[in-house]
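*Asks:* After the sequence you'll find the predicted model.
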Protein chains: 2
Amino acid sequence: MQSYTEENYLKIIFHLSQNSNPVQTNAIAEKIQTKAASVTDMLKKLADKELVNYVKYQGVTLTEKGKLTAINIVRKHRLWEVFLVEKLNFKWDEVHEVAEELEHIKSTLLVERLDEFLEFPKVDPHGDPIPDQYGNFADLSFIKLSKLKANEKGTITGVSEHSSPFLKHLEKLGLTLGKKIEISEIIDFDGSVELLIDNNKINISREVAKHILISK
Amino acid sequence: MQSYTEENYLKIIFHLSQNSNPVQTNAIAEKIQTKAASVTDMLKKLADKELVNYVKYQGVTLTEKGKLTAINIVRKHRLWEVFLVEKLNFKWDEVHEVAEELEHIKSTLLVERLDEFLEFPKVDPHGDPIPDQYGNFADLSFIKLSKLKANEKGTITGVSEHSSPFLKHLEKLGLTLGKKIEISEIIDFDGSVELLIDNNKINISREVAKHILISK
DNA sequence: TATTTAATTTAGACAAATCTAAAATATATT
DNA sequence: AATATATTTTAGATTTGTCTAAATTAAATA
């Protein structure tokens, strides 16, 4: 049984592992809003419990056991987000903080019943895949909007940034899940992207484009 | 803002206040599964935060502020219990532990939306009243089954004990909310109660009768 | 390769919530 | 009212997760 805090560390390490493996102490410290020294302490503790492989100065990776724990938290987080949006009419930019709390509720019966109640959703309101109870992700092949070239088309199926300001911005531009878009031009000067959506031409910064996920 | 632990103390004090006021240190210790010394420490802390009125050796009462906090936790606990039973098909004896965790989720938006989603329920699955967002309880006039005399009739509308063994026992006897009963006899020897339900005559111990709530 | 800089760890301290054992106070009994 | 018993509090220690400041190691640069 892990504490609330331990669970958060495992979850963060899991997410950071997507980009770089092993994960560095400072990267964790920044995400968890704490100091590097505190992270070191926790990594030792998690290593003792065989949830992570930790070598001094070399960063950490999750063990199989740690990975399963982390995925289970991600599963709960995303199921609750679906619940909040689908059943309680939350907007997609309002769910993150609440789900951060709900993800730590322990009952497995609760999670399985919730999954059933929601009719076994495959993705959360941001387009992120929801792992099944064994930890398997349906693999959705996403590509960042910023990787598309002029004249290419696609459908918005996810976002890789969940902050409220970002999501509100997308909403205002009409860039929501399921919308079809076409790149009209990549602006040389700043790398910003001009695209067609609902017959309107709009321009978004490269930074925004990086966080929009497209499937063809 | 209160910690998870502080919230639990306030909730327990609130419940114990129904029977005796002020509430004694040992009573809290027993309910919270801790030692009297720990309770004393916490009571000082809660007194500093003006959530309780605490006088050494004299027990505690809740301040207005503490009472509102406690009622809000009770409100959340009971709403979540309704959700679990009505939406996720939990049985009435399976909800308590999970609700003990869910009651500490902080978002007020969540609570108000949940209330709406459940169509503003007035009682939880055990017949306990759900306070509104201002802390007002609809006052339901319950009487303990153990207070009834021979030949009196009534309807089961609540229980004052939420443990799984107790509720499973009631279930087995057919003693569920909404059922009409009639007392046929009070047994002198042990105070046990013989009653009619669904045209069957059954006998329940005085201890059980004390925890069944009746309205006429 | 030597040196500077950045990242990480250690050492020692702190706050929250708990504990045990001993002391203090209140209540009950004679 | 005096004594015995039960309840509560204090004092000091422990655990979890955190912190700062100093020391160590790794990486970058000259």
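*Replies:* Received it, and whenever you're ready, just let me know what you need. Numbers count the residues shown, from 1 in each chain, chains lettered A, B, ... in the order given.

*Asks:* Near chain B, which residues of chain A? Just list them.
*Replies:* A:84, A:87-90, A:94, A:97-98, A:101-102, A:105-107, A:109-110, A:113-114, A:117 (Cβ under 8 Å from any Cβ of the partner chain). Any C-beta I mention is one placed from the backbone N, CA and C, and that applies to glycine too.

*Asks:* show me where pLDDT drops low in chain A?
*Replies:* Along chain A, no part satisfies pLDDT under 70.

*Asks:* and it, which residues reach DNA strand D?
*Replies:* Contact residues (Cβ under 7 Å from any atom of the strand) of chain A with DNA strand D: A:3-6, A:32, A:34-35, A:37-38, A:41-42, A:45, A:57.

*Asks:* Of all pairs in the residues you listed, which one spans the longest distance?
*Replies:* A:4 and A:57 (28.0 Å; Cβ to Cβ).

*Asks:* quick one: which of the two has more around it?
*Replies:* residue A:4 (10 against 6; other Cβ atoms under 10 Å in any protein chain shown).

*Asks:* Let's verify residue A:182: helix, strand, or coil?
*Replies:* Put simply, residue A:182 is strand when judged by DSSP: H, G, I helix; E, B strand; the rest coil.

*Asks:* got it, and residue A:80?
*Replies:* Three-state assignment for residue A:80 (three-state DSSP): helix.

*Asks:* thought it was touching residue A:100?
*Replies:* No - the pair residue A:80 and residue A:100 does not pass the contact test of Cβ atoms under 8 Å, sitting 9.4 Å apart.

*Asks:* which one of the two has more residues nearby?
*Replies:* For the pair residue A:80 and residue A:100, the greater number of neighbours falls to residue A:80 (23 against 14), based on other Cβ under 10 Å.

*Asks:* Next one: that one relative to residue B:41, how far apart?
*Replies:* Residue A:80 sits 34 Å away from residue B:41, taking Cβ to Cβ, to the nearest Å as the criterion.

*Asks:* just residue A:180 next, same as before
*Replies:* Residue A:180 sits 61 Å away from residue B:41 when distances are taken as Cβ to Cβ.

*Asks:* can you tell me which residues contact residue A:139?
*Replies:* Residues near residue A:139 by Cβ atoms under 8 Å, 6 or more residues apart in numbering or on different chains: residue A:129.

*Asks:* Chain A - how does it break down into domains?
*Replies:* Per the record, chain A has its domains at A:4-62, A:143-215, by automatic domain parsing.

*Asks:* Distance to residue B:155 added to those, as CSV?
*Replies:* As requested, these are exported to CSV (distance: least, Cβ to Cβ, whole Å):
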stretch, distance to residue B:155
domain A:4-62, 43
domain A:143-215, 48
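
*Asks:* So which of the ones you listed is nearest residue B:12?
*Replies:* Closest of these to residue B:12 is domain A:4-62, at 20.9 Å (criterion: Cβ to Cβ).

*Asks:* From the residues of chain A next to chain B, list the buried ones, please.
*Replies:* With burial judged by 16 or more other Cβ atoms under 10 Å in any protein chain shown, the buried subset of the residues of chain A next to chain B is A:84, A:87-88, A:90, A:94, A:98, A:101-102, A:105, A:107, A:110, A:113-114, A:117.

*Asks:* and of these, the nearest to residue A:145?
*Replies:* Residue A:145 has its nearest neighbour among those in residue A:94, at 23.5 Å by Cβ to Cβ.

*Asks:* count of residues packed around residue A:171?
*Replies:* 13.

*Asks:* just to revisit the earlier point, now, the residues of chain A next to chain B that are in helices?
*Replies:* Using DSSP state H, A:84, A:97, A:98, A:101, A:102, A:109, A:110, A:113, A:114, A:117 are the members of the residues of chain A next to chain B that sit in helices.

*Asks:* Which strand or helix spans the most far-flung residue of chain A relative to its centre?
*Replies:* For chain A, the residue at maximal distance from the C-alpha centroid (Cα atoms, centre = their mean) is residue A:189, at 30.2 Å. Assigned by DSSP states H and E, residue A:189 belongs to no helix or strand.

*Asks:* list the contacts for it?
*Replies:* Counting by Cβ under 8 Å, 6+ apart, residue A:189 makes contact with nothing.

*Asks:* again with residue A:144
*Replies:* Contacts here follow Cβ under 8 Å, 6+ apart; on that basis residue A:144 touches A:160, A:209, A:210, A:211, A:212, A:213, A:214.

*Asks:* Ok, residue A:114 next?
*Replies:* Contacts for residue A:114 (Cβ under 8 Å, 6+ apart) come out as A:79, A:80, A:83, B:88.

*Asks:* Now for those: which two are most distant?
*Replies:* Most distant of the contacts of residue A:114, by Cβ to Cβ, are A:80 and B:88, 12.8 Å apart.

*Asks:* on that earlier part again, which member of the residues of chain A next to DNA strand D is positioned nearest chain B?
*Replies:* Of all the residues of chain A next to DNA strand D, chain B sits closest to residue A:4, with 8.8 Å by Cβ to the nearest Cβ.
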